[in-house]
Every structure is written in C-alpha cells, then in structure tokens.
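1. model this:
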Amino acid sequence: MSSPGLRLQKVLSRAGVASRREAEEMILRGRVRVNGERVSELGTRVDPARDRIEVDGREISQDPIRWILLNKPRGTVTTRRDPQGRPTVYSLLPPKDRQLRYVGRLDQETDGLLLFTNDGDLLHALTHPSGEVAREYRAVVGGVPDRDALAALQSGVELEDGVAKAERVRIEETLKGGKGVVMTLVLREGRKREVRRLLETVGHSVQRLSRIAFGPITLAGLAPGESRELTKMEVDALRKEVTRASARTRSGSTPRRPRGGRSGTP
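-> Model prediction:
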C-alpha cells in the first residue's frame, strides 16, 4: 500500500461503502484488505488510484460522488429486492444508478422525495437522528385538527419511543364537507412512521402522505417515477444545511436525541 495518501476510512466513505465512522468499525474488525493484506489500523493511508481495496472480499470502486433525486410513487418499496415481488424504488432508476444507497426510507404508502448517493459521510449526517435536517411533508388527514391538536403537534407528543414534535404545522386546505384537511408539517427527525404516529396520537388518521422537501431539496418539476441528478449547487446546499443543523444541535437550540438510531419511514 502507498504512503502518503488518503486515510483508508475516508476512501471507503467516498466509495459509498459506509460512513466514515462505520468504515472505521469495518477496519477494526478486519473486514478490509489493501493489496491482499488485512488492515486493522485506522491510520492506514492508501492511494485509491493504485491500491486494490477490498471489503469482505469484494473490491470497491472509486466512482465519483453522485446524488440522485427520485419522485417515489406510492406503492413502491424502499429496498433493492423485495421477497414479495413488489415494485422497488431501485427498479425506477437507470441501471447505472442502482448501486447508490437511499437516504432516509419512505414506506410503501408514502410517496415523494427520495435521495440516493454514494457519499457515505453526507448520507450518515443526513440520516442520523442528531443531524436535525428539516424534512417537509404534505399530509391529507381525516377530520379537522383543532387549535389544541395543532398546538400539541408543535409542543410535543409522547410516542412509544419518546417525545416527538413538528417544527411547523400548517393547514393548507379544508376538504369539501369538512371531512379532512391538507396540511404541511416540518420535522427535524426521521423516526419510523413518525408523521403518521404524531397525527394519529392527536386523533387524525393519515390518508395520504408525501415528502415534499429534504433540507433545501424539493421535487419541483419532477413527475412521479422520474429521477434526476442533483446539481452541484444543490449538493453544496445540502452540505451547508448539515453544517448549520449540526451547529444548531451543538448550541442546544434543538434537543439532542440519543445516538444509535437511524432514520426511518415517516
């Protein structure tokens, strides 16, 4: 292996294998080989252009960082392969994009904005509960939430895995006959089915749910089932948003959740 060069964990992260923290665990566990030699020291440096790097026996590729935005249709599942044979989000991507990892799962009944990337570090920062990057959802719910329900959503609702709340809640439209409303909610966490559980706890079932924004990224102009590459400006904006959110968390302006969880479906 070559020295000086790049730290091995950084190369693994850039290759989309894992976040830098996860890559360090892989190295310590002896899962990584460089030019056929097992590596277990975190300070190891490599030359990605010359050294052969393997994880669990598979050589990693050094593709450039890529970001893809998909408008996920309702009914598709966020997985590479579904044992039940349901359509997956990966079946909607061009073959060259199918090696990318999704950023924050959407459940089968939720449609909207889903990102894919091979940038392990930024993916980790966006999906970790401490990331605090805003996600905006559009929900069609049964009934008309009253003032108390709206206040509870923003002040905090006790769920089985702790208190959750929306940073902003707004009723956009009342459906004919007052049978329901269209509302938007902004959350800074991605706990499993969090939006649905929040609304159900205050007495309103979710009939339709869409993620319409993730940080500065929106679905503008993208039809259901379509995907496109993010622009450099959009990726830079994502990085800046992660930096701002991390600073906000460190300053204590938003509550810090315990580490160890992962982003889930809304």
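2. pLDDT weak spots in the stretch 151-266 of the chain?
-> 250-266 (pLDDT under 70).
3. residue boundaries of the helices in it?
-> 194-201, 232-251 (DSSP state H, counting those that start in this stretch).
4. just name the most buried of those.
-> Most buried of the helices of the stretch 151-266 of the chain, by mean neighbour count (mean count of other C-beta atoms under 10 Å): helix 194-201, with a mean of 21. Backbone N, C-alpha and C define where each C-beta goes, glycine included.
5. and it, what does it pack onto?
-> Helix 194-201 sits against strand 135-142, strand 157-159, strand 162-164, strand 180-187, strand 206-214, with contacts defined as 3 or more C-beta pairs under 8 Å, 6 or more residues apart in numbering; DSSP states H and E.
6. could you rerun that using 10 Å?
-> strand 135-142, helix 147-155, strand 157-159, strand 162-164, strand 180-187, strand 206-214 (3 or more C-beta pairs under 10 Å, 6 or more residues apart in numbering; DSSP states H and E).
7. can I get these in CSV including mean neighbour count?
-> Listed next are the helices and strands packed on helix 194-201 as CSV, based on neighbours: other C-beta atoms under 10 Å:
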stretch, mean neighbour count
strand 135-142, 21
helix 147-155, 15
strand 157-159, 15
strand 162-164, 14
strand 180-187, 20
strand 206-214, 20
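8. and the helices in the stretch 1-150 of the chain?
-> 8-14, 20-28, 120-127, 147-155.
9. contacting residues for the nearest residue to Arg98 once chain neighbours are set aside?
-> In this structure, Arg98 finds its nearest non-sequential neighbour in Tyr90, 5.0 Å apart by C-beta to C-beta, 6 or more residues apart in numbering. Neighbouring residues of Tyr90 by C-beta atoms under 10 Å, 6 or more residues apart in numbering: 70, 76-82, 97-100, 102, 116.
10. by neighbours, which of those wins?
-> Leu70 (26 neighbours; other C-beta atoms under 10 Å).
11. what is the neighbour count of the nearest residue to that residue once chain neighbours are set aside?
-> Spatially, and ignoring its direct neighbours in sequence, Leu70 is nearest to Ser227 (4.2 Å; C-beta to C-beta, 6+ apart). By the other C-beta under 10 Å criterion, the neighbourhood of Ser227 contains 17 residues.
12. surely Ser227 and Val89 touch.
-> Yes - Ser227 lies in contact with Val89 (C-beta atoms under 10 Å); the separation is 9.2 Å.
13. overlap in contacts, the two.
-> 70, 72, 114, 116.
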